[in-house]
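Q: No sequence on hand, only this structure:
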Ligand SMILES: CCCCCCCC/C=C\CCCCCCCC(=O)N[C@@H](COP(=O)(O)O)[C@H](O)/C=C/CCCCCCCCCCCCC
């Protein structure tokens, strides 16, 4: 059953990430951003304490949407076409942010690092005991991924916000896919797709030495 309009549905978010990868193993930016939009909707429903996180994610999604809907939109159809277009035209600041502070390559890199957090977090949720602390799973996933790229003040604010997360079962309920068992099963089906998108992006960025863009 479809979720109410505007409500978060894990099913829809996961379908978007599933739709990202083409037969040629390219990553389509439209569904990728749609997946992030859905996640932000979910985050907004968790309370105002998370708004500094969702604002940053929305800013990055909007930067990408402006490229994807702009004059050069055909160059931003896939991640691969974007990388090749921006690099060939010198549109990426490689050493420090200067003339192209918000390139698509840099912006996707931030979302890509966050996708690693998401993967670890969902894996943690899926495999944890029923009474496990979501906040602890989130903190562990964050420390093993995104935290390495954030200054002290952001790390502190993030960990404080994680304390406001609901229990694991309450969390699984708001995913809107039925009971906790169904949510766990859906996570099991969906995680390979998120892993796939992450893996393809990581390989592409490695190949072009883009993993440390300022
Ligand atoms: C199936 C549903 C369950 C999971 C639902 C998760 C919903 C999460 C939705 C969005 C995730 C937020 C993505 C945040 C992107 C952060 C990108 C970033 O690293 N930005 C920093 C660097 O950017 P520049 O300064 O270089 O432009 C920026 O400094 C960050 C600022 C804000 C703090 C980011 C903290 C990130 C914590 C991620 C965990 C989210 C916790 C959600 C709890 C469920």
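A: Noted; the coordinates are in hand. Because the structure is predicted, anything quoted here is derived from the model rather than measured.

Q: For the longest helix belonging to the chain, name the packing helices and strands.
A: In the chain, assigned by DSSP state H, the helix with the most residues is helix 180-207. In terms of contacts (3 or more Cβ pairs under 8 Å, 6 or more residues apart in numbering; DSSP states H and E), helix 180-207 is packed against helix 10-18, helix 79-88, helix 104-127, helix 168-173. Using the backbone N, CA and C atoms, a C-beta is placed for each residue, glycine as well.

Q: Now do it: distance to the chain's middle.
A: In terms of Cα atoms, centre = their mean, to the nearest Å, the gap separating the centre of helix 180-207 from the centre of its chain is 11 Å.

Q: let's number from 48 now, not from 1
A: That works, and once the first residue is 48, the last one we named lands at helix 227-254.

Q: For that helix, list every residue counted as buried.
A: Neighbour counts over helix 227-254 (16 or more other Cβ atoms under 10 Å) mark 227, 230-231, 233-234, 237-238, 240-245, 247-248, 251-252 as buried.

Q: looking at the chain, which helix or strand is least sure?
A: Lowest mean confidence among the helices and strands of the chain (mean pLDDT, DSSP states H and E): helix 215-220, at a mean of 86.

Q: Can you name every helix or strand that that helix contacts?
A: Helix 215-220 sits against helix 151-174, helix 181-190, helix 227-254, with contacts defined as 3+ Cβ pairs under 8 Å, 6+ apart.

Q: in the first one, what's buried?
A: Residues of helix 151-174 classed as buried by neighbour count (16+ other Cβ under 10 Å): 151-173.

Q: cool, stretch 104-116 as well?
A: 104-105, 107-108, 110-112, 114-115.

Q: Also stretch 215-222?
A: Across stretch 215-222, burial judged by 16+ other Cβ under 10 Å covers 215, 218-219, 222.

Q: Find the nearest non-adjacent residue to residue 207, please.
A: Ranked by Cβ to Cβ, 6 or more residues apart in numbering and with sequence neighbours excluded, the top spatial neighbour of residue 207 is residue 96, at 7.8 Å.

Q: Run a quick neighbour tally on the one you found.
A: Using other Cβ atoms under 10 Å, residue 96 has 14 other residues around it.

Q: part of a helix, is it?
A: Yes: the assignment for residue 96 is a helix, going by DSSP: H, G, I helix; E, B strand; the rest coil.

Q: May I ask you to confirm that it is in contact with residue 211?
A: Yes: Residue 96 lies in contact with residue 211 (Cβ atoms under 8 Å); the separation is 4.9 Å.

Q: Let me know the closest of the buried residues of stretch 215-222 to residue 67.
A: Closest approach between the buried residues of stretch 215-222 and residue 67, by Cβ to Cβ: residue 222, at 19.6 Å.

Q: wait, is that closest one part of a strand?
A: No: assessed with three-state DSSP, residue 222 is coil; it does not lie in a strand.

Q: For residue 236, see how far away the residue lying closest to it once chain neighbours are set aside is.
A: Counting by Cβ to Cβ, 6+ apart, the nearest residue to residue 222 once its immediate chain neighbours are dropped is residue 57, at 3.9 Å. Taking Cβ to Cβ, to the nearest Å as the measure, residue 57 falls 11 Å from residue 236.
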